[in-house]
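S.K.: coords please:
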Amino acid sequence: MTYFVEGLIKLHAGQTEVRRIGEYQTLEDAIGASKHVIDQFLVGILDPEMTAADLFSKYSDLGEVPIIFDDGERTLNVTGFNHYSYAMNRCGVMCARKVKAPPAWECGATRRAAALRK
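M.R.: Have a look, this model is predicted:
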């Protein structure tokens, strides 16, 4: 069976465009190609100060949506891959490496409160 991956690209004024990403012999390869499209977008737009929610919001608004079809009688997106779930997970992983320091006033107050509790 052949799997086709199409990318839905969001344009201005609510218009969309579709591009062929590729044809694959296995569902696993098609899913891998879909993940690659999402990862490329996220890496390209990631800012060091972004939170996972900010990054996912950018993907939701601007990211290309990969859709997998097979060459069978169905014309619906095949099951086995959810691009939003994958993107949400990747945003969490990519942004988890960053730890924001709390404000200076919070650090001092937190330390004093902790010292009083001992």
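S.K.: Now name the helix or strand holding the residue lying closest to I45 once chain neighbours are set aside.
M.R.: Leaving aside its sequence neighbours, I45 sits nearest to K58 (CB to CB, 6 or more residues apart in numbering; 5.3 Å). C-beta coordinates here come from the backbone N, C-alpha and C atoms, glycine included. Counting by DSSP states H and E, the element that carries K58 is helix 52-62.
S.K.: center of this protein, which residue is that?
M.R.: When the chain is reduced to its mean C-alpha position, the closest residue under CA atoms, centre = their mean turns out to be A87, at 2.2 Å.
S.K.: re the thing from before, can you pull the buried residues of the helix holding K58?
M.R.: Judged by neighbour count using 16 or more other CB atoms under 10 Å, the buried positions of helix 52-62 are 52, 55-56, 58-59.
S.K.: same question, stretch 68-85
M.R.: Judged by neighbour count (16+ other CB under 10 Å), stretch 68-85 contains these buried residues: 68-70, 77-78, 81, 83.
S.K.: roughly how far apart are E23 and F56?
M.R.: Separation of E23 from F56 (CB to CB, to the nearest Å): 29 Å.
S.K.: Grab the longest helix from the protein for me.
M.R.: Secondary structure assigned by DSSP state H gives helix 27-45 as the longest helix of the chain.
S.K.: helices or strands up against that helix?
M.R.: If contacts are counted by 3 or more CB pairs under 8 Å, 6 or more residues apart in numbering; DSSP states H and E, helix 27-45 sits against strand 3-10, strand 16-24, helix 52-62, strand 65-70, helix 83-96.
S.K.: between these, which one is nearest to D39?
M.R.: Closest of the helices and strands packed on helix 27-45 to D39 is helix 83-96, at 6.5 Å (criterion: CB to CB).
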